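Chemist: My questions concern the predicted model and sequence given below.
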Amino acid sequence: MAITVTQANFNGKAAGFYISAALKASNSLDYLTTLENIKYKSNIQALNQTVDSVTDATCSFAAGGTGTLALTEKVLEPKNLQVNLELCKGDLLDSWEALQMKAGAGGGPSASFEDYVISYMGGIIAEATEDSIWSGTNVAGQFNGFLGLVTGYLLPGVDATVVQDGAAAVPYTAGNIISNLQSAVGAIPTATLGKEDLHIYLSQRSYQYYIGAVSTLGYVNAYNMNGDYVPMFEGYKLAVCNGMEENQMVVAQKSNMFFGTDLLSDSTRIALMDMAALDGSDNLRMVCRYSAGVQTGTGADIVRQS
C-alpha cells in the first residue's frame, strides 16, 4: 500500500500544540511548575524573610523595621534543541495500519498517517526530555538537569544551599528503602514541613522497592488500590518519575522546581517532508525544533539524598 504524505509545516503556536503534547508525555512534568512562554530566559525570584518582620505597633516608623527581606534570583534559560529524522515510510506503515484496524473495531477515531508520524516523534522528545530533567548535562542533545553529573542544579558544587542528606544507605534495596525515606523526610527544613505541594521525588525502581517493603510488612492497602490512589509516605506525596536518577531522592515543593519552554516562538517548528517527489525515495524526513530547560527556586528549601 503506497502512502503519500501531505507536506506539513507547523510554526509558532501551531507547532507549540504538538510540542506541548510531546513534552507533557514526560511524567516528571506532573510534579514541576511549567513556564511555557520563555522567549530567551526567565528570572525566577524568591523573597526570603531573614528576620522577624512583625513587631508591636508604635506611632513611629523605624527605618528598616525589625526585619529584612532578601531577594534571590535564578535564571531559567531553555536550551534550543532539534530532532532530525529520516525514516522509510514502510517501517512505520505496519504499526499504523494496525492502529487503523483497532480504530475500526471500536477503538476510537483513526489517526492520519501524518498525525501518527508526529506522535512517533513526540515519543522521542518526551523520553529525551524526561532523561534531561534529572540527569541532563550541557552536552549536545541534552539540557542541564537537576542531578546531572557535575553541573546538576541540586549538586553541592552548584548550589551550596541545597540540603544534602548523606545518611542514606546505598544502593537502595527493599530492605533499606523505608529507612532512607525516613532520613530524607527528617532532613526537610522546618519552614517547608506541611506544605501542600511538597513531594518526595524518586525513581520507578525505588518506588518498586518501597512497594515490596510495605508488602512484606503486610500493608496490602498501601498498594492494592484503584486509580484514585496517591502514593504517600508518612503523609508526604511520592512523585514517581521515570527519568529520576537511581539511588537518589529529592524532597521539594512543586512550586520550587521549574521547567521552562517556549511554545509560541517562531523558531518552534515541526515539519514533515515526503522525499518521493524530490529524490524518488520512500523516505520521510521529520524536523522538530523546540526549547527546554529546568531550574530551582530556593535551594535551601530542597533536600537531595544520595
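Modeler: Here it is on my side, so go on.

Chemist: which residues of the stretch 201-306 of the chain score low on pLDDT?
Modeler: Applying pLDDT under 70 to the stretch 201-306 of the chain flags residues 220-228, 264-267.

Chemist: ditto for the stretch 51-200 of the chain
Modeler: Within the stretch 51-200 of the chain, the segments meeting pLDDT under 70 span 51-54, 62-71, 97-111.

Chemist: which residues in it form helices?
Modeler: Secondary structure of the stretch 51-200 of the chain by DSSP state H, counting those that start in this stretch: the helices cover 89-102, 113-135, 177-186.

Chemist: With distance to residue 246 and mean neighbour count added, can I get those helices in TSV?
Modeler: C-beta here means a position set from N, CA and C on the backbone, and glycine is covered the same way. Formatted as TSV, the helices of the stretch 51-200 of the chain follow (distance: least, CB to CB, whole Å; neighbours: other CB atoms under 10 Å):
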stretch	distance to residue 246	mean neighbour count
helix 89-102	31	14
helix 113-135	10	19
helix 177-186	12	19
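
Chemist: which one of those lies closest to residue 82?
Modeler: In terms of CB to CB, the element of the helices of the stretch 51-200 of the chain nearest to residue 82 is helix 113-135, at 10.1 Å.

Chemist: Which elements pack onto the closest one?
Modeler: Judged by 3 or more CB pairs under 8 Å, 6 or more residues apart in numbering; DSSP states H and E, the packing partners of helix 113-135 are helix 12-24, strand 79-88, helix 89-102, strand 236-241, strand 269-274, strand 283-296.

Chemist: Could you look up the next helix or strand downstream of the last one?
Modeler: Think strand 283-296. Going down the chain from strand 283-296, the next helix or strand is strand 303-305, by DSSP states H and E.

Chemist: Centre of the chain to that following strand, how far?
Modeler: Relative to the centre of its chain, strand 303-305 is centred 17 Å away, using CA atoms, centre = their mean, to the nearest Å.

Chemist: again, but for stretch 35-45
Modeler: On CA atoms, centre = their mean, the centre of stretch 35-45 falls 16 Å from that of its chain.

Chemist: ok, residues contacting that stretch?
Modeler: 20, 71-78, 258-265, 291, 295-297 (CB atoms under 8 Å, 6 or more residues apart in numbering).

Chemist: Go again with 6 Å.
Modeler: 73-78, 260, 262-264, 295, 297 (CB atoms under 6 Å, 6 or more residues apart in numbering).

Chemist: In ChimeraX, how would I select just the buried ones from those residues?
Modeler: In ChimeraX, a selection of the buried entries from the contacts of stretch 35-45 looks like this (16 or more other CB atoms under 10 Å):
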select :74,76,78,260,262,263,295,297
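
Chemist: what's the closest non-adjacent residue to residue 273?
Modeler: Nearest residue to residue 273 in three dimensions, chain neighbours excluded: residue 285, at 4.3 Å (CB to CB, 6 or more residues apart in numbering).

Chemist: Got phi/psi on residue 193?
Modeler: Dihedral pair for residue 193: phi -60, psi 140, per degrees, to the nearest 10.

Chemist: actually residue 214, sorry about that
Modeler: According to degrees, to the nearest 10, residue 214 has phi -70, psi -30.

Chemist: and of the helices of the stretch 51-200 of the chain, who's closest to residue 203?
Modeler: Smallest distance to residue 203 across the helices of the stretch 51-200 of the chain (CB to CB): 8.7 Å, for helix 113-135.

Chemist: Could you check how far that closest one is from the centre of its chain?
Modeler: 13 Å.

Chemist: tilt between that helix and strand 283-296?
Modeler: If you take axes from the mean of the first three to the mean of the last three CA atoms, to 10 degrees, helix 113-135 sits at 30 degrees to strand 283-296.

Chemist: Put the alpha carbons of helix 113-135 into CSV.
Modeler: Taking Å, rounded to 0.1, in the frame of the first residue of the first chain, the C-alpha atoms of helix 113-135 are listed here in CSV:
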residue,chain,number,x,y,z
PHE,A,113,-0.5,8.8,8.9
GLU,A,114,0.8,12.3,9.4
ASP,A,115,-0.5,12.5,12.9
TYR,A,116,0.9,9.1,13.6
VAL,A,117,4.3,10.1,12.5
ILE,A,118,4.2,13.3,14.6
SER,A,119,3.2,11.2,17.6
TYR,A,120,6.1,8.9,16.9
MET,A,121,8.5,11.9,17.0
GLY,A,122,6.7,13.2,20.1
GLY,A,123,7.6,10.0,21.9
ILE,A,124,11.3,10.6,21.2
ILE,A,125,11.0,14.2,22.5
ALA,A,126,9.2,13.0,25.7
GLU,A,127,11.8,10.4,26.5
ALA,A,128,14.7,12.7,25.9
THR,A,129,13.1,15.4,28.0
GLU,A,130,12.4,13.1,30.9
ASP,A,131,16.0,12.0,31.0
SER,A,132,17.4,15.5,30.8
ILE,A,133,15.2,16.8,33.5
TRP,A,134,17.1,14.8,36.1
SER,A,135,20.4,13.6,34.6
